[in-house]
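Q: Here is my input; please provide its structure:
(one chain, ligands or ions: 2)
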Amino acid sequence: MRKIEHLGIAVKDLKKSNELFRKLLGEAHYKEEEVSGEGVLTSFFQVGDTKIELLEATREDSPIAKYLERKSEGIHHIAFDVEDIHAEVARLKDEGFEILNEIPKSGADNKLVVFLHPKSTNGVLVELCQEKNN
Ligand SMILES: C[C@@H](C(=O)O)C(=O)SCCNC(=O)CCNC(=O)[C@H](O)C(C)(C)COP(=O)(O)OP(=O)(O)OC[C@H]1O[C@@H](n2cnc3c(N)ncnc32)[C@H](O)[C@@H]1OP(=O)(O)O
Ligand SMILES: [Co+2]
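A: Numbering: from 1, shown residues only. Ligands and ions are numbered 1, 2, ... in the order given. Below you'll find the model as predicted:
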């Protein structure tokens, strides 16, 4: 794990939250991107060498919609940058973590992503991400 790539925050209204986080961070988001496979519309803010990812649900069965039903807005996941996602998945599986998708899927911002079940990580949803073209 090289660094915290981003923190994911579940929000109800991306437009309003973009404005709120612009005020908070002093700089606007640098991109919005829909990831249809995950049922989310994301927006990214650069903070030093890491990022904040805001996530709004785009459909009822989106993980973000389910999360907001059960809990409230707030930190949804922590994402770590990894050099070799397949090697990390194998290592973490060996260590007994529950991998939600062993085959990396397409995330936002040109990344391959894998999630670990929060039940195996002290209640924190963990995302691994690897830059697609490295
Ligand atoms: C675009 C991409 C990117 O960055 O590139 C993204 O981030 S996409 C981000 C959106 N995509 C994802 O999150 C994909 C991975 N997530 C999932 O597969 C799912 O959301 C799960 C994490 C498995 C949760 O789904 P579901 O609630 O249906 O599952 P379940 O019944 O197995 O487990 C339910 C238990 O997990 C807890 N739980 C659910 N979501 C949680 C979260 N984000 N953080 C911590 N705990 C969480 C529930 O409160 C419940 O706890 P109790 O049992 O104690 O009540
Ligand atoms: Co994420």
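Q: May I have the phi/psi pair for the residue of the chain found nearest ligand 2?
A: Scanning the chain for the residue nearest ligand 2 gives Gly8, at 4.1 Å (criterion: CB to the ion). Any C-beta I mention is one placed from the backbone N, CA and C, and that applies to glycine too. For Gly8, the backbone dihedrals (degrees, to the nearest 10) come out as phi -100, psi 130.
Q: residues touching Ala79, list them.
A: Ala79 makes contact with 4-8, 53, 113, 126-129 under the criterion CB atoms under 8 Å, 6 or more residues apart in numbering.
Q: Dig out what it forms beta bridges with.
A: For Ala79, the residues forming beta bridges with it (DSSP bridges) are His6, Glu127.
Q: near ligand 1 at all, stretch 11-28?
A: No. Using CB under 6 Å from any ligand atom, stretch 11-28 stays clear of ligand 1, with a minimum separation of 12.2 Å.
Q: Show me what the mean pLDDT comes to for that stretch.
A: For stretch 11-28, the mean pLDDT works out to 98.
Q: then it to CSV, C-alphas only?
A: Output of stretch 11-28 as CSV, limited to C-alpha atoms (Å, rounded to 0.1, in the frame of the first residue of the first chain):
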residue,chain,number,x,y,z
VAL,A,11,-23.6,12.4,-0.2
LYS,A,12,-27.3,12.9,-1.1
ASP,A,13,-26.9,15.8,-3.5
LEU,A,14,-23.6,16.0,-5.4
LYS,A,15,-24.2,19.5,-6.6
LYS,A,16,-24.7,20.9,-3.1
SER,A,17,-21.8,18.9,-1.7
ASN,A,18,-19.5,20.1,-4.5
GLU,A,19,-20.2,23.7,-3.4
LEU,A,20,-19.8,22.8,0.3
PHE,A,21,-16.4,21.0,-0.3
ARG,A,22,-15.3,23.9,-2.5
LYS,A,23,-15.8,26.2,0.4
LEU,A,24,-14.2,23.8,2.8
LEU,A,25,-11.1,23.0,0.8
GLY,A,26,-10.7,26.4,-0.9
GLU,A,27,-10.6,24.8,-4.4
ALA,A,28,-13.2,23.4,-6.7
